[in-house]
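>>> Here is my input; please provide its structure:
(one chain, ligands or ions: 1)
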Amino acid sequence: MQRVLIANRGEIALRVQRACRDLDLETVAVYSTADRTSAHVLGADQAICIGPPPAAQSYLRIDQILAAVEVTGADAVHPGYGFLSENAEFAERLMERGVTWIGPSPDTLRRMGDKAEARSTAVAAGVPILPGSDGPLDSVEAAAQRANEIGYPVILKAASGGGGKGMRVATSRPELEKGFALASKEAESSFADGRLYLEKYLVEPRHIEIQIFGDADGRIVDFGERECSLQRRHQKLVEESPAPGLGEELRREIAAAAVKLGEAVDYRGAGTVEFLLDEDGSFSFMEMNTRIQVEHPVTELVTGIDLVKLQLEVAAGGSVPEPPEPRGHALECRINAENPRTFLPSPGRIGALRLPSGPGVRIDTHVYADYAFPPFYDSLLGKFISYGRDRDESIARMSRALREFEIEGLETTAPLHARILRDRHFRAGHLSTRFMERFLSHS
Ligand code: ADP
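Below you'll find the predicted structure:
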């Protein structure tokens, strides 16, 4: 491996570029016409325009990216997250050309990409799942029948879902009927696949996920958990590691389940197994993300492992190291270019910019002063990650970072994050996926 094409944009493209630099690998950036002046383009050894702003005409164009691979002589592709990162056909077409795909096999991508099938794979591997449908539902009647058997509330989800889209909670049959129509429409338009499945809806769970890593020798290890319960509309806002108050025994059990699933699919590279932890301490597999995760830095800070660099090394045939004992506590705030009260996107040209720094603070962002933040993509402006010897120190450092942050020209969710960090329930570590709903209705 010598020249890596990064099939992505924004902060993650820059993050991957940095890992390549650390390994003395050349980098190739691809970009849409909206991203000409983006940091990932300016910093790459080579950069190729792949189309107009809409992602469907640029970052999602397999043919355009294959052409860019050809023209630049890249011998490996890192897909980042989102866009084509979980696309089996893309991986296959690269591999056919002898280009290294930095990710798991196309077969694994397919098995885990179909979330209804992933549930069956988990069952076969002996990993607990929530009661629900066996595979996709072929009609609203089938959904209603299964919902009656397991009892309401239930959640309908898109088989090809992601990013919180195509999900509907139903507490009764009429709601289920309405939700079924809406969710399948949304799934059809977002994923070109309207198939739905359902499972029992837990009222107040925590979202706990495990970072796993597999290598070519078939060794699968876990690098601990991340707590991602702070969500708005199923989108994560704050993540941390370790998960507050989880307890050693439960932590081990959940991690062992994640590794078991990884072994069952002969997992290679970085992957995340997501679980819901119910109030009674039982946990269930939700889905597996077969790529690097947005929130990977919290794991990097507590383990001292550069996960993106390890992705590159493992793709080149390297092996995974023995997982170290995690140390200290890390938090991540996803800062979006949005109004902090209405959550409406706030793209625009950035004026003056002061990014935080100092002890225990890491900022992963692609923005700079005078950068025009485009309206075409997700609104992630950057990730603030803090590290401390314990949770309190990590919170104090994050709060300091949020206070130092100054930006002109657009609105961000930083003020909301600052308020969350002051909240006494947050400080006490009383977290669940309902946390934000309550927080937002009270403040
Ligand atoms: P996506 O891939 O779209 O992110 P997930 O299946 O990972 O979808 O679910 C996202 C979030 O939705 C979870 O973190 C959780 O907050 C909520 N959720 C999903 N399934 C359930 C469930 N069965 N019960 C309660 N909440 C759920």
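>>> which residues touch the spatially closest residue to Glu408 that is not a sequence neighbour?
Excluding the flanking residues, the one nearest Glu408 by C-beta to C-beta, 6 or more residues apart in numbering is Gly351, at 3.4 Å. Bear in mind the C-beta positions are built from the backbone N, C-alpha and C, glycine included. Contacts here follow C-beta atoms under 8 Å, 6 or more residues apart in numbering; on that basis Gly351 touches Ala369, Asp370, Ile407, Glu408, Gly409.
>>> Am I right that Gly351 sits in a strand?
No: assessed by DSSP: H, G, I helix; E, B strand; the rest coil, Gly351 does not belong to a strand; its assignment is coil.
>>> Against Gln2, how distant is it?
Separation of Gly351 from Gln2 (C-beta to C-beta, to the nearest Å) stands at 40 Å.
>>> Could you list the low-pLDDT ranges of the chain?
Low-confidence segments of the chain (pLDDT under 70): none present.
>>> quick one: the residue positioned nearest the centre of it from the ligand, how far?
Central residue of the chain (C-alpha atoms, centre = their mean): Gln293, 3.7 Å from the mean position. According to C-beta to the nearest ligand atom, to the nearest Å, Gln293 stands 11 Å off from the ligand.
>>> Please shift the residue numbers so they start at 462 in all later answers.
Done: numbering now begins at 462, and the last item shifts to Gln754.
>>> Skip the chain neighbours and tell me the closest residue to that residue.
Distances taken as C-beta to C-beta, 6+ apart place Thr733 nearest to Gln754, at 4.9 Å, with adjacent residues excluded.
>>> Look at that neighbour and say how many residues are nearby.
By other C-beta atoms under 10 Å, the residues close to Thr733 number 21.
>>> Enumerate every residue touching the residue nearest to the centre of the chain.
Contact partners of Gln754, counting by C-beta under 8 Å, 6+ apart, are Tyr542, Glu670, Gln672, Arg687, Ala731, Thr733.
>>> Can you name the residue of the stretch 462-611 of the chain nearest to the ligand?
Leu591 (5.3 Å; C-beta to the nearest ligand atom).
>>> can you tell me how far that residue sits from Leu707?
Leu591 sits 19 Å away from Leu707, going by C-beta to C-beta.
>>> Tabulate the contacts of Gln754 (a markdown table), appending distance to Ser902.
Formatted as a markdown table, these follow (distance: C-beta to C-beta, whole Å):
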| residue | distance to Ser902 |
| --- | --- |
| Tyr542 | 30 |
| Glu670 | 26 |
| Gln672 | 32 |
| Arg687 | 26 |
| Ala731 | 36 |
| Thr733 | 30 |
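>>> Of the residues you listed, which belong to strands?
Glu670, Gln672, Arg687, Ala731, Thr733 (DSSP state E).
>>> Looking at those residues, which is nearest Ala776?
Closest to Ala776 out of the ones in strands among the contacts of Gln754 is Ala731 (10.0 Å), distances taken as C-beta to C-beta.
>>> To what extent is Ala642 buried, counted in neighbours?
Ala642 has 11 neighbours, counted by other C-beta under 10 Å.
>>> Which positions in the stretch 662-811 of the chain make contact with the ligand?
Residues of the stretch 662-811 of the chain lying close to the ligand (C-beta under 6 Å from any ligand atom) are Tyr662, Leu663, Pro666, His668, Gln692, His695, Glu735, Leu737, Met747, Glu748.
>>> Which PyMOL command selects the buried ones in these?
Only the buried members of those enter the following PyMOL selection, criterion being 16 or more other C-beta atoms under 10 Å:
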select buried, resi 662+663+666+668+692+735+737+747+748
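>>> and the residues of the stretch 662-811 of the chain next to the ligand as CSV, adding secondary structure?
Formatted as CSV, these follow (three-state DSSP):
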residue, secondary structure
Tyr662, coil
Leu663, coil
Pro666, coil
His668, strand
Gln692, strand
His695, coil
Glu735, strand
Leu737, strand
Met747, strand
Glu748, strand
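>>> Met859: which element?
If you go by DSSP states H and E, Met859 is part of helix 852-865.
>>> For the ligand, what's the nearest residue on the stretch 762-904 of the chain?
Taking C-beta to the nearest ligand atom as the measure, the stretch 762-904 of the chain has Thr894 as its residue closest to the ligand, at 3.6 Å.
>>> Would you enumerate the residues in contact with that residue?
Taking C-beta under 8 Å, 6+ apart as the test, what Thr894 contacts is Glu665, Pro666, Arg667, His668, Ser690, Gln692, Leu737.
>>> Can you say which two of these are spatially most distant?
The span of those, defined through C-beta to C-beta, is set by Glu665 and Gln692 at 12.7 Å.
>>> For the ligand, state which of the ones in strands among the contacts of Gln754 is nearest.
The nearest member of these to the ligand, counting by C-beta to the nearest ligand atom, is Glu670 at 8.7 Å.
>>> Cross-check the contact I'm expecting between that closest one and Cys689.
Yes: Glu670 sits in contact with Cys689 when judged by C-beta atoms under 8 Å, with a separation of 6.0 Å.
>>> Overlap in contacts, those two.
With contacts defined as C-beta under 8 Å, 6+ apart, the residues shared by Glu670 and Cys689 are Glu735.
>>> What residues sit buried inside the longest helix belonging to the chain?
Longest helix in the chain, counting residues (DSSP state H): helix 634-652. Using 16+ other C-beta under 10 Å as the test for burial, helix 634-652 gives Glu636, Leu637, Gly640, Phe641, Ala644, Ser645, Glu647, Ala648, Ser651, Phe652.
>>> What about the ligand: which of the residues you listed touch it?
Among the buried residues of helix 634-652, none lies close to the ligand by the criterion of C-beta under 6 Å from any ligand atom.
>>> List just the nearest of these to Arg861.
Here the nearest of the buried residues of helix 634-652 to Arg861, counting by C-beta to C-beta, is Ser651; it sits at 38.3 Å.
>>> Name the nearest residue to that closest one, sequence neighbours excluded.
Lys626 (4.7 Å).
>>> now swap in Tyr492 and tell me
The shortest distance from Tyr492 to any non-neighbouring residue, by C-beta to C-beta, 6+ apart, is to Val502 (4.8 Å).
>>> can I assume the one you found is in contact with Thr494?
No: contact criterion C-beta under 8 Å: Val502 and Thr494 do not qualify, at 11.0 Å.
>>> ok, these two, which is more surrounded?
Applying other C-beta under 10 Å to Val502 and Thr494 shows that Val502 carries more neighbours, namely 19 against 14.
>>> got a list of what Asp536 touches?
The contact partners of Asp536, taken as C-beta under 8 Å, 6+ apart, are Met462, Gln463, Arg464, Val465, Gly559, Val560, Thr561.
>>> and the gap between it and Ala468?
Distance, Asp536 to Ala468, by C-beta to C-beta: 14 Å.
>>> again with Ala717
Distance, Ala717 to Ala468, using C-beta to C-beta: 33 Å.
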